[in-house]
Structures are given as structure tokens and as C-alpha cells.
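Student: Build me a model from this:
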Amino acid sequence: MYKVESDHRSSWYYDQYEWCITFNIAEANCLRNLEHKQFEQALRNAKRWRQEIVSYAQLPSERWTDAKEQALREARDCLLAETHPFKTVVSCNTVSIYTNHPGLADHPEADGFKLRLVRQAMISKPANVVQLRESQYAYRTYFRERRMNENQKSMLTNFLLARQDTFRISAALKNWLEQYNHFRWNSDYTRSYFFIDHDHPNEGTMISLVMPGIVRKTMPIETTK
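Tutor: Predicted coordinates:
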């Protein structure tokens, strides 16, 4: 049994899926590609990486275990057995499955493969508008997911933090900008939920000039009572 959370949106997930089923599982990156060869290679890479962390960083809690591998294999088998179309998005130790068939949420939880959340998209908001109860800004710009090297991240960080009097940086984005420890999760990747709020519609263009391809979309903010 699980509780379904209504997600009020302006469109379906990826314009086609009604449900989002989210699981937590260690080493979720191994599930990015379910083909046998790629999956087995991802397991070997994850195991080798964990061994290096334990050896050089002295983090015994990060060691690879048979239980982790078994959970990943069971998760892969579950996804391969699904006959309905779905899209898998992996981030850190989280797997989000977008589908029109919520039956995946009924899969018995294996050790290390834990159901976290089931969301159902409810089309109740206008398209291409951000609705907030109150805001002093007129636009919101979302970022794309992409990997950055240290110089790129430093350039983007300097640009954004120097203009905090011009726009508001979302909490998640600001935490990421100030994070330089590469042993921390997500230190090299921007995320699609990163955003800034601003007044001028061309702020997104300015950011694109500094970091081409980083802007995903800019939408007007509409305040509601």
C-alpha cells in the first residue's frame, strides 16, 4: 500500500506520462542503461569506484556490498519485465519512473530498493506560467541538466553570486554554487529544478552568453490569491 500525492501541473510529465514512481536505491546510476553489457559494465565501474573511495578517502561506509548488487539486479529485472512504455530518470540514489501504468509501484520492495513517492499529474495550472502566491519578480528562468568542469562552474558561480541584487537564486542552486567538494553528490552537475527569479525577460539570454546551453526556459510569474 502507498499514498498517492497529487502533483498540480500545467502538462503531463514529459508531455505524455500521468504517473511518477520514485524509488531510492544505492548506486542508482547503474540503472541508466538496462542493456546487459552496459549494465554489467556500470556495476564493475561502481564497484571499482567504491573500492577506491574506501582505500584512498578512508570511508568504509561507502564499500560495495553483495546486497547493493542484488538490489540493483532485482530493480533491473523489474524494469525489464514492464510491458508498458516508461521513461527512467536517475539522479544520485534516486530512480524516477514516468509511466501511464502505476502498476510498477506495486512491485514488492527488495532490500535496498525502497518506494519513496508516487505522484499523479493533475492538469490544473496554465501552461508556460509560474504561479506563486506572492513574488517581487516577474520572470523565472530554469536551468538545464549538464555537467560542468571546475572552470565553468567557477565562471557561472561568479556571475550569479555577483548579481544577487538583481535576481533571486533558488536555495538548491545557491547551495550547489557554493559546493566545491567533489566527493559530495551533484557537485559537477546542474539540475533541472535550479532556477533564478528576475524582473527583466532578457536575464536568461545574459546567462546563456556566459554559459551557452545552460538555460532551459524562461516563464512569466503570475501571482495568485
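
Student: Pick out the residue closest to the middle of the chain.
Tutor: With distances taken as CA atoms, centre = their mean, the residue of the chain nearest its centroid is S91 (4.9 Å).

Student: Would you agree that residue is in contact with S192?
Tutor: No: using CB atoms under 8 Å, S91 makes no contact with S192, being 9.4 Å away. (Glycine included, C-beta is placed from N, CA and C.)

Student: what comes up buried for the lowest-mean-pLDDT helix or strand in the chain?
Tutor: Sorting the helices and strands of the chain by mean pLDDT, DSSP states H and E puts helix 36-56 at the bottom, at a mean of 85. For helix 36-56, a neighbour-count test (16 or more other CB atoms under 10 Å) marks 39, 42-43, 46-47, 50, 53 as buried.

Student: quick one: that helix to chain centroid distance?
Tutor: 22 Å (CA atoms, centre = their mean, to the nearest Å).

Student: do the same with stretch 7-16
Tutor: Using CA atoms, centre = their mean, the offset of stretch 7-16 from its chain centre is 16 Å.

Student: pLDDT score for N100?
Tutor: The model reports N100 with a pLDDT of 96.

Student: Chain neighbours aside, what residue packs nearest to it?
Tutor: In space, and not counting its chain neighbours, N100 is closest to E18: 5.2 Å by CB to CB, 6 or more residues apart in numbering.

Student: Distance check, that neighbour against L79.
Tutor: Distance of E18 to L79, computed by CB to CB, to the nearest Å: 18 Å.

Student: residue ranges with poor pLDDT in the protein?
Tutor: Across the chain, the stretches falling below the confidence threshold (pLDDT under 70) are 1, 53-62, 108-113, 180-187.

Student: got a list of what H84 touches?
Tutor: 99-101, 103 (CB atoms under 8 Å, 6 or more residues apart in numbering).

Student: and the residue nearest to the centre of the chain, bridged to which residues?
Tutor: Counting by DSSP bridges, S91 is bridged to T94.

Student: Please report the distance of it from R116.
Tutor: Distance from S91 to R116, counting by CB to CB: 12 Å.

Student: what's the burial count for R73?
Tutor: Neighbour count for R73, taken as other CB atoms under 10 Å: 14.
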